[in-house]
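K.L.:
coordinates for the following, if possible.
(one chain, ligands or ions: 1)
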Amino acid sequence: METLAGKTALITGASRGIGLAIARRFAAEGAAVVLGASRWGAHGKLKGNLEEAVALIGKESAGSVAGIACDLSDEAARADLVRQAEEHFGALDIIVNNAAASKMRLPSEVSTKERSWMFDVNVNAPIDLAQQALVGMRERGRGWILNISSSTASQPVVPYRDSQVAAHVICAYGSTKAALDRYTQGLAHEVAVDGICVNTLAPENIVLTSGADYVRDIARRSPDMAEPVEVMAEAALELCSGNHVGCVTYSRRLLHSLGLSVMSLDGTTALGDAFLPADLDSTV
Ligand SMILES: NC(=O)c1ccc[n+]([C@@H]2O[C@H](COP(=O)([O-])OP(=O)(O)OC[C@H]3O[C@@H](n4cnc5c(N)ncnc54)[C@H](OP(=O)(O)O)[C@@H]3O)[C@@H](O)[C@H]2O)c1
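P.N.:
The predicted structure follows:
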């Protein structure tokens, strides 16, 4: 029996990277998946786009897949996103708020415009989507909301693992993730009585996505600071199918604490345990 058979999920930021991996893993477990990204076709220099992601999952899995282009920094555009997603395969059981915006700037210099943009995509959009979905989830008495966070939500320990500048410029982005963690816990405890599981999950380490290419050198210098994307996908599956409530947790430690194996994204092959090493030359 597939873990997510009959379930419907919206995954934002699913044109590439961690979001696409989660969508592929969920589709392999029988979910109908709606992928979100800011644009439909090719744009910019980053690997992959929404059109290709929808085509890939359509080819890989027997499940249903659709895509919606919506710039989550635009409040009006995202105001109706859950309803639009539900037009495809019916009521949403699962939302994964994975899309994120980041601007690397020293905390003494990051502008109001840059901060507002990051807080809009990384905090306000997940809250808006959760509130839109909660109405139906409460009526049905079941639902899962997973917000993707980051270890940068906390100030790094001293001495820094890498450069001082790298530790400083991540501060504003990390502040948005700290806000997301706090909001998630509060919401989780409010809606647990309605049968809804709300959690945050962060990569334990660096996932070598094209969006995170600027930290690839850090992973090369310290290979233990990288993890394969399958680890995040597996942990996301657990948090979107189990009964966890109010966790602010990390990919490897969640799988390790539960003794879970990491599966390939198509769900057919056990790749190893929570300590599975990353391929430092790959980009997901
Ligand atoms: N990679 C890591 O090591 C790492 C570490 C800690 C936390 N995280 C978190 O993990 C999540 C995914 O990271 P990633 O590295 O996979 O990201 P990524 O490769 O940069 O991909 C980002 C995704 O978000 C979408 N997106 C960006 N801005 C958007 C907007 N304004 N509206 C709608 N969609 C937007 C992008 O879609 P487009 O096609 O429109 O660009 C893309 O699908 C993020 O929440 C990130 O903060 C990642």
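K.L.:
tell me where the stretch 151-284 of the chain has helices.
P.N.:
Using DSSP state H, counting those that start in this stretch, the helices of the stretch 151-284 of the chain run over residues 164-169, 171-191, 216-221, 229-239, 251-258.
K.L.:
who does the last one touch, helix- and strand-wise?
P.N.:
Spelled out, that is helix 251-258. Judged by 3 or more CB pairs under 8 Å, 6 or more residues apart in numbering; DSSP states H and E, helix 251-258 is in contact with strand 196-202, helix 229-239. All C-beta atoms are positioned from the backbone trio N, CA, C, and that covers glycine.
K.L.:
CA atoms only for that helix, dumped as CSV, please.
P.N.:
What follows is helix 251-258, C-alpha atoms only, in CSV (Å, rounded to 0.1, in the frame of the first residue of the first chain):
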residue,chain,number,x,y,z
SER,A,251,16.2,15.8,8.3
ARG,A,252,18.9,13.4,9.5
ARG,A,253,18.0,13.4,13.2
LEU,A,254,14.3,12.8,12.5
LEU,A,255,15.1,9.7,10.4
HIS,A,256,17.8,8.5,12.8
SER,A,257,15.6,8.9,15.8
LEU,A,258,12.8,6.9,14.1
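K.L.:
ok, it near the ligand or not?
P.N.:
No. Judged by CB under 6 Å from any ligand atom, helix 251-258 stays clear of the ligand, getting no closer than 9.6 Å.
K.L.:
who's in contact with that helix?
P.N.:
With contacts defined as CB atoms under 8 Å, 6 or more residues apart in numbering, helix 251-258 is touched by 201-205, 227, 231-232, 234-235, 238-239, 247, 260-262, 273-275.
K.L.:
near the ligand, from those residues?
P.N.:
Within these, those near the ligand by CB under 6 Å from any ligand atom are 202, 203.
K.L.:
of the contacts of helix 251-258, buried ones?
P.N.:
201-205, 227, 231-232, 234-235, 238-239, 247, 262, 274 (16 or more other CB atoms under 10 Å).
K.L.:
get me the contact residues on the stretch 1-150 of the chain for the ligand.
P.N.:
12-19, 37-39, 49-50, 71-73, 98-101, 121, 148, 150.
K.L.:
swap the cut-off to 5 Å and go again
P.N.:
13, 15-18, 37-39, 71-73, 98-100, 121, 148, 150 (CB under 5 Å from any ligand atom).
K.L.:
just these: which are in strands?
P.N.:
Of the positions in these, 37, 148 sit in strands, assigned by DSSP state E.
K.L.:
now the residues of the stretch 1-150 of the chain next to the ligand: which count as buried?
P.N.:
Buried among these (16+ other CB under 10 Å): 13, 15-18, 37-38, 72-73, 98-100, 121, 148, 150.
K.L.:
who's in contact with the residue nearest to residue 237 when sequence neighbours are not counted?
P.N.:
The shortest distance from residue 237 to any non-neighbouring residue, by CB to CB, 6 or more residues apart in numbering, is to residue 25 (5.5 Å). Residues counted as contacts of residue 25 (CB under 8 Å, 6+ apart) are 230, 233, 234, 236, 237, 263, 265, 267.
K.L.:
thank you kindly, that will do.
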